[in-house]
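S.K.: Pasting a predicted model and its sequence here:
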Amino acid sequence: MLSKQIKINHLSFQYQNHKIFNDLNLTVNQGEFILLTGNSGSGKSTLLKIIAELEPKFSGKIIAGSLTQPFSNWGMIFQDPNRQFTMATPREELIFTLENKLVDRSTALKRIDYASKKTHIQDLLDRPLTELSGGEKQRVALSVLIAMESDLLLLDEPFANCDSNNRKFLLDSLSLLHQEGKTILISDHDFSGYKELNPIVIEIKDQNFIVTSLPSTLPKIETHFSLPDKKQQNNLSYTFNSFSLSFPNKGLITSTNLELYSGAATLLTGENGSGKTSLFKALTKVIPYHGHLFFREKDVKKWRKRPYLAKVGQIFQNPDDQFLNVTVEEELNFSLKYNQNPLLNRSKLTSLLSKLKLDNLDKQVIYSLSGGQKRKLQILVMLMAYPEVLLLDEPFSGLDQKSVSDVIFLLKNYFLNTEHTLIVISHQLNQIDKLCDYHLILKDHKLFYTK
Amino acid sequence: MNPGLKLFLILTISFEISLIPNLTTNLIIISICLIYLLFKSISLKKILLLLIIPLFAATVVFITIYYFTPNHNLYHATILFTRIYAYVFLGAVFTETTSILSLARSLEQNFKLPSKFAYGTLAAFNVIPKIHTEVNRIRLVGDMRHYHLSFYSPTLYFKAILAAISWSNSLAEGMISHGYQEDKPRSVIVPVALTKKDWLIFSSILLLLQPILLLTK
């Protein structure tokens, strides 16, 4: 059998009159494992979509060159785990996919069985997808590609919402698929765990490719946090008293007594599906809890919604959720109109925008910005809302190291002080000790401080 | 009963009672549906809601016909009043006993509906709870950004439409990446049967309905 090749030939691509790629050349041989890296906004997602032929459409356009992609049975996993399923449960999704692929009933049942065992989703098959955690959804997404027997796997930052266990599990699965001869293209910011896969590393920089290699030593991430000292802390932001949480119908946190301190940034970690995001939902009055949860000595249940939410804000996992307008300019003007942050005003904002490389984007539609640009804008917008407590749900997912330090810079200089509190959910621990003072862990349904 | 055929049965009955005003038929339909729903052990709370929610519309129709038409026809007013309940109960019998997925499969397999309609609608249906969550989240974000969005606020709906457009785009990409191609044949993994028994039930119910419709008042 002749081996297949993806050939990108002098390809130039633009998006809304904004050039993304200039004269790209690349050949991918069947069976290769390619790791795409590059700063946020460099075009990793776009490249994968071009290969999948999901682009160009609407505003994107190939202005020169060509692409040959002979794999017809390709499959893709997207960065946002919520937006890739048509059906309501994993089993229905698998059936839908295999019907599309003209697989007959008995083969399909075997493949579903095989794929769900490979990805450890047997127990999730009939659960509604809306109830699964980010990591669980990505395992379901991989199981679909395994069941399809895709020979080309395109993965767009698939681990952005995964904890280290799910990340390792999925990478091991990819390694096995690679050994079976599958062609794999994956984009990622984090190099850990790739060494054994021996990937071809391609960085997208200045609208073009640079073939590079994995860094020889990966920085070992060691974090040290202090435990809060009750005597020194006088300002409480939250007090948990026999607090417990279950959602949806699943026990997440058992009776907890705990204090959260204002003027500090607290990191919150825990396995996928342990209930970190649900805890944020309880803190923002979206879902109910049992027991007591006091915010400024008044039970959250007794706070009225509007005054409470003016004091407790959240940075959502998906930046699109944070915006209320269409263009960057409209969004920033809206925020300036309701600005509560004494450290920020129009001129300060202008200089910050150029520092963050968000200038000259005024008329651009927010939804067409890159993941990193959206994230920085999202944080600026919430800094201007200036709540007393800011909850951040995976603020570093999909960001390169430079953008991570930009985000930390913003939060430390324009938010954190004795009156303001940060609670940060993050799987990415690079640089996190520059931001956070304390570390809360959610483990075995218990929430406690750790070092 | 086969979901697609059941849908046609319900639609045919509804169509007939809207053409031929007949009080007895309406009452018989309502009682049979009610008995069927009770037999399928639907909760009493749901039945109560089915009785209460259409009451307003039904009463308005009744009052309009009885008080504001020249001959104040009680009989006609009652027919229209019961007709609304007949529609609601027929609809309830359908939705309470059929999943939208099996309906989509049946329409595709038994009635040759193009898969893009069957699965497009189904995908959109599965997005509804997500859109609902989205609207709640938009309001939450509004409050967090010191701008309250009431349920009639244009910003809320504008943003919700944006979200829906973005969802529909992701949905299309998701379907394509899971091997869906418009107008291409698909296999059948979960077959939906359309049996002689289904046709027998379908035709006997319709046959029984005709004399009641035509011979009673």
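M.R.: That came through fine. Residues are numbered from 1 along each chain as shown, chains lettered A, B, ... in the order given.
S.K.: What residues are bridge-paired with the spatially closest residue to A:N198 that is not a sequence neighbour?
M.R.: The spatially closest residue to A:N198, leaving aside those adjacent along the chain, is A:F33, at 7.2 Å (CB to CB, 6 or more residues apart in numbering or on different chains). The C-beta positions use only the backbone N, C-alpha and C, and glycine is treated the same way. Residues in a beta bridge with A:F33, per DSSP bridges, are A:I184.
S.K.: quick one: contacts for A:F33?
M.R.: A:L174, A:H178, A:T183, A:I184, A:I186, A:L197, A:N198, A:P199, A:I200 (CB atoms under 8 Å, 6 or more residues apart in numbering or on different chains).
S.K.: Please narrow these to those residing in strands.
M.R.: Those of the contacts of A:F33 mapping onto strands are A:T183, A:I184, A:I186, A:I200, per DSSP state E.
S.K.: and the last one, how many neighbours?
M.R.: The tally of other residues near A:I200 (other CB atoms under 10 Å in any protein chain shown) stands at 16.
S.K.: isn't it right next to A:I210, touching?
M.R.: No. Counting by CB atoms under 8 Å, A:I200 stays clear of A:I210, with 11.9 Å between them.
S.K.: how about the strands of chain B, start to end?
M.R.: Assigned strands in chain B: none (criterion: DSSP E).
S.K.: Break it into its domains for me.
M.R.: With domains defined by automatic domain parsing, chain B comprises B:3-105+B:191-215, B:115-177.
S.K.: just how off-centre is the longest one within its chain?
M.R.: Taking CA atoms, centre = their mean, to the nearest Å, one finds the center of domain B:3-105+B:191-215 at 12 Å from the center of the full chain.
S.K.: Now do it, average pLDDT.
M.R.: The predicted model assigns domain B:3-105+B:191-215 a mean pLDDT of 91.
S.K.: got the residues of the stretch 251-400 of chain A near chain B?
M.R.: Proximity of the stretch 251-400 of chain A to chain B (CB under 8 Å from any CB of the partner chain) is limited to residues A:284, A:286, A:305-306, A:309-310, A:312-314, A:316, A:320-324, A:326, A:334-335, A:338, A:340, A:367, A:381-382, A:385, A:387.
S.K.: so where's the stretch 151-300 of chain A shaky on pLDDT?
M.R.: Residue ranges of the stretch 151-300 of chain A with pLDDT under 70: A:217-221, A:231-234, A:248-249.
S.K.: Helices of that one, start to end?
M.R.: Counting by DSSP state H, counting those that start in this stretch, the stretch 151-300 of chain A has these helices, from start to end: A:164-179, A:276-283.
S.K.: Of those helices, flag the one that's most buried.
M.R.: helix A:276-283 (a mean of 22; mean count of other CB atoms under 10 Å in any protein chain shown).
S.K.: Show me the contact partners of that helix.
M.R.: Contact with helix A:276-283 is made by A:133, A:238, A:245, A:247, A:252-253, A:268-270, A:287-289, A:293, A:300, A:312, A:314, A:317, A:389, A:391, A:393, A:423, A:425, A:442, A:447, as judged by CB under 8 Å, 6+ apart.
S.K.: now do 7 Å
M.R.: Helix A:276-283 is contacted by residues A:245, A:247, A:252-253, A:268, A:270, A:287, A:289, A:312, A:314, A:391, A:393, A:425, A:442 when judged by CB atoms under 7 Å, 6 or more residues apart in numbering or on different chains.
S.K.: What of stretch A:419-426?
M.R.: Applying CB under 7 Å, 6+ apart, the contact partners of stretch A:419-426 are A:237, A:260, A:262-268, A:276-277, A:388-396, A:411, A:415-416, A:432, A:435-436.
S.K.: Which ones among the residues you listed map onto strands?
M.R.: Counting by DSSP E, the part of these found in strands is A:S237, A:L260, A:A265, A:T266, A:L267, A:L268, A:V389, A:L390, A:L391, A:L392, A:D393.
S.K.: Spell out which parts of the stretch 101-250 of chain A neighbour chain B.
M.R.: Contact residues (CB under 7 Å from any CB of the partner chain) of the stretch 101-250 of chain A with chain B: A:K101, A:L102, A:V103, A:D104, A:R105, A:A108, A:T130, A:V144, A:M148.
S.K.: Now the fourth one. Nearest residue, chain neighbours left out?
M.R.: Right, the one you point to is A:D104. Closest residue to A:D104 apart from its sequence neighbours, by CB to CB, 6+ apart: B:S187 at 5.8 Å.
S.K.: Against A:N73, how distant is the one you found?
M.R.: The spacing between B:S187 and A:N73, counted by CB to CB, to the nearest Å, is 15 Å.
S.K.: Lovely, talk soon.
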